[in-house]
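Trainee: just a sequence and a predicted model for now, questions to come.
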Amino acid sequence: MVVKTYSSAVQGIQAQTISIEVALTSGIKLYMVGLPDNAVKESEHRIRSSFAANDYSFPRRAIVINMAPADIRKEGSAYDLPLAIGIMAASGQLPDQGLADCVIMGELSLDGTLQPIRGALPIAIQAKEEGFKRLIVPEENANEAAVVEGLEVYAARDLKGVVEFFSGKNDALTRVQGGSLDQFLQARNAYDIDFKDVKGQETVKRAMEVAAAGGHNLIMVGPPGAGKTMLAKRLPTILPPLTLREALETTKIHSVVGRLPHGKGLMTERPFRNPHHTISDVALVGGGTTPQPGEISLAHNGVLFLDELPEFKRTVLEVMRQPLEERRICISRAKSTVEYPASFMLVASMNPCPCGYYNHPTKECVCTPAMVQRYLNKISGPLLDRIDIHVEVVPVPFEHLARVPQGESSAEIRARVEKAREIQATRFADQGIFCNAQMSTPQLQRYCQLTPESLKMMKTAMERFNLSARAYDRILKVSRTIADLQGEPDILPSHIAEAIQYRTLDREDWAN
């Protein structure tokens, strides 16, 4: 008699159903085929111990287990539970009714309790798409999987509860209901920080509003203590709330890596990733022997903040160039290719020079112009061209800190950003992009036509600052966003002038 149970393998952020076939034959050994890795093979010892701890009998016969499709490598310990249930059903300790419409996942401890797994959300989505009615996962993953509507999700604490459930005791496992759309909408933007706490820095706030409205990358240049990190952390609070589609995409990535908070379902806030400057290129873009998402994918639909940008290794920064353009990362290995989404806003900060006080209003810089230029040259021109907005952050004087009242709240700024995004959503409907920063060259030519006055101003700026063709495109995109914030259908000279001001690092005299 052959018994089938069903589990799932996660590749990238997609899942594929795995059929586990168990048969008992003459002999005493356990044979496992279908490209299992060492963690899967070691499940035999965890299953034996779990059976003994719960007074179940491990069959004293040869057990042949086939994990199909056999050409996909099975990795990890999440197959423990479906393997154990298959062995029990094949040995007659458990009826096999109900196994055909159920996907089972879970890692067993030696006493039979279940440990959480990774990728519960993509597994649940795939189970629903393939017509399965039920999904059994460890209770730590139940809220995450229950997000998928039309699928019965059951939270399991241990092996005994799952055995009793398939034996007909329906209340042995708790069915978990997913949160409603209203709950998701109410939980969005529940940030504990706000732009109203930032005093002064009106120029930088304006630049960040423009960046948020158009999805533009941004770099802040200023001395230590000027507030660069504080401002960057508040950028997600003025971005438009996550849509349900974006929340599902973001949750899937964090689920695969195992970074979801304990017991959390859908992510309701945009990610803010802040890796240390000692990060490796693989950790940033993803990869490894078993490919995993990197920081750029964990920041998908959110913000990637690189503090002290020149301190990052040059090779680390250069591998970001392609993902910044394509908004995805493709990781190729000899046996497989995995693609992860990477549509993020890059926000970077840096000191203006090695000592940090170049152009400081009160402190003297001890760096020579050559030292300043060498410091700036740590960031390649092609990478800098991919950053739309450059803004200088000046320290706020004590008088302003003590007297200036609270500024605009994040909610007020976000309202203007959302209006600008609505204009862009209408403009780019059915074109596969969502904001001005994603415009291609044909779209630039269509939506960013300049008046003669604006064209003349752009020509003067290009010649004076010796700007590249990519910088020209960036100025057009930022100008389009500024016009959208003001509700203007045309790009006016004032919009061009403001956008040119956001190319600080392109000015030849900046470091002289």
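Mentor: Ah, there it is.
Trainee: so who does the nearest residue to Gln115 once chain neighbours are set aside touch?
Mentor: Nearest residue to Gln115 in three dimensions, chain neighbours excluded: Glu107, at 4.2 Å (Cβ to Cβ, 6 or more residues apart in numbering). Where C-beta positions appear, they are placed from N, C-alpha and C, glycine not excepted. For Glu107, the contacting residues are 46, 76-78, 80-81, 114-117, 138, taking Cβ atoms under 8 Å, 6 or more residues apart in numbering as the criterion.
Trainee: ok, now Val478?
Mentor: Taking Cβ under 8 Å, 6+ apart, one finds 210, 214, 216, 388-389, 436, 498-499, 502 in contact with Val478.
Trainee: kindly report the same for Ala425.
Mentor: By Cβ under 8 Å, 6+ apart, the residues touching Ala425 are Phe434.
Trainee: where's the dip in pLDDT among the contacts of Glu107?
Mentor: Lowest pLDDT of those: Gly76, 90.
Trainee: against Cys353, how distant is it?
Mentor: Applying Cβ to Cβ, to the nearest Å, the value for Gly76 to Cys353 is 48 Å.
Trainee: so those two - more neighbours on which side?
Mentor: For Gly76 against Cys353, the residue with the higher neighbour count under other Cβ atoms under 10 Å is Cys353, and the figures read 25 against 19.
Trainee: was I right about that one contacting Met371?
Mentor: Yes - applying Cβ atoms under 8 Å, one finds Cys353 in contact with Met371, separated by 6.6 Å.
Trainee: wasn't Ile329 part of a helix?
Mentor: No - for Ile329, which was evaluated using DSSP: H, G, I helix; E, B strand; the rest coil, the result is strand, with no helix membership.
Trainee: quickly list what it is bridged to.
Mentor: In this structure, Ile329 has the following beta-bridge partners (DSSP bridges): Tyr340.
Trainee: could you report the neighbour count for it?
Mentor: Residue crowding around Ile329 was assessed by other Cβ under 10 Å; the count is 24.
Trainee: related to what we said a few turns ago, now render the contacts of Val478 as TSV, adding neighbour count and pLDDT.
Mentor: Conversion of the contacts of Val478 to TSV gives the following (neighbours: other Cβ atoms under 10 Å; pLDDT from 0 to 100):
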residue	neighbour count	pLDDT
Val210	26	96
Gly214	27	94
His216	25	95
Asp388	28	91
Ile389	25	94
Asn436	31	92
Glu498	18	93
Ala499	26	92
Tyr502	25	90
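Trainee: in helices, which of these fall?
Mentor: Secondary-structure check on the contacts of Val478 using DSSP state H: residues within helices are 210, 214, 498-499.
Trainee: arrange the residues you listed in a markdown table, one row each, with distance to Ile413 as further columns.
Mentor: Conversion of the ones in helices among the contacts of Val478 to a markdown table gives the following (distance: Cβ to Cβ, whole Å):
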| residue | distance to Ile413 |
| --- | --- |
| Val210 | 11 |
| Gly214 | 14 |
| Glu498 | 17 |
| Ala499 | 19 |
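Trainee: out of those, which comes closest to Glu339?
Mentor: Lowest distance from Glu339 to the ones in helices among the contacts of Val478 (Cβ to Cβ) belongs to Gly214, with 25.6 Å.
Trainee: which residue, other than its chain neighbours, is closest to the closest one?
Mentor: Nearest-residue entry for Gly214: Thr481, 3.2 Å, with adjacent residues in sequence omitted and distances by Cβ to Cβ, 6+ apart.
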